[in-house]
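J.: sequence first, predicted coordinates after that:
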Amino acid sequence: MSENNETENPPFKHDWYQTETSVVITVLIKNITKEQLTIKFSESAVDLHINAGEHNSEISRIFKLSHNIVPDQCSYRLASVKIEIKLKKQEGYRWEKLEGACDNVLKTLPQTVIPKSDKPPSYPTSKGKDWSAIEKDICVQEKDEKPEGEEALNKLFQDIYGKGSDEVKKAMNKSFMESGGTVLSTNWREVSKDKVECKPPDGMEFKKWES
């Protein structure tokens, strides 16, 4: 495969949607780390480069935008199954397409036509694609991702706290604060009786900070 073909037809799918002030490009690709990803913004283009690592393969894609953007106000977010690129529009025009020159000068449309929310609209935003279905697929994949280690433990505590009663939440807050983060209890009846003492792990000693 030539470099040109790799640039024009990269091995990932993408879609886009827009608000009154921004354009968001979503690139569907899994397991990319921030060290492998480089994104550069200019007024009329977005240069995406991924060093995939496998067999030293590299993926490049240049989005030649149909309208100008503000490079220093653009950003991107990397998730486990996608890259979300947010572009700041120079003008509040509705883009008829993501890439390519526009023959007609577009006027600003009423705000009811271009939603202010940065959430994806519930209708297709590019020809032949249904953003709602794509977003639903992404959410399913992210939900199936199982956290590990400290992240899994934090998620467990968050789930317990979020689903717990007021007494469970009070018990967790009181025990954690009074014990210096060494005890986390959900039993309010027990915790409410007295101050929760610090219980450091075996082999460790708790010392107060002295100024």
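T.: On my side now, so go ahead.
J.: all contacts plus neighbour counts: C-alpha atoms, from now on.
T.: Noted.
J.: what's the next secondary structure element after the lowest-mean-pLDDT helix or strand in the chain?
T.: The least trusted helix or strand in the chain, going by mean pLDDT, DSSP states H and E, turns out to be helix 3-8, with a mean of 42. Counting by DSSP states H and E, the next helix or strand C-terminal to helix 3-8 is strand 13-18.
J.: in its sheet, what does the very next helix or strand once past that next one sit against?
T.: Counting by DSSP H and E, the next helix or strand C-terminal to strand 13-18 is strand 22-28. Counting by DSSP bridges, the strands paired with strand 22-28 are strand 13-18 (antiparallel), strand 82-88 (antiparallel).
J.: so what strands line up beside the helix or strand following strand 22-28?
T.: Beyond strand 22-28 on the C-terminal side, the first helix or strand identified by DSSP H and E is strand 37-41. Taking DSSP bridges as the criterion, strand 37-41 sits next to strand 45-51 (antiparallel) in its sheet.
J.: go through the partner strand and flag the buried ones.
T.: Across strand 45-51, burial judged by 16 or more other CA atoms under 10 Å covers Ala45, Val46, Leu48, His49, Ile50, Asn51.
J.: what is the burial count for the closest residue in space to the fourth one that isn't next to it in sequence?
T.: Counting by CA to CA, 6 or more residues apart in numbering, the nearest residue to His49 once its immediate chain neighbours are dropped is Ser60, at 4.5 Å. Residue neighbour count, defined by other CA atoms under 10 Å, stands at 20 for Ser60.
J.: need the phi and psi values for Ser60.
T.: Per-residue torsions, Ser60: phi -130, psi 140 (degrees, to the nearest 10).
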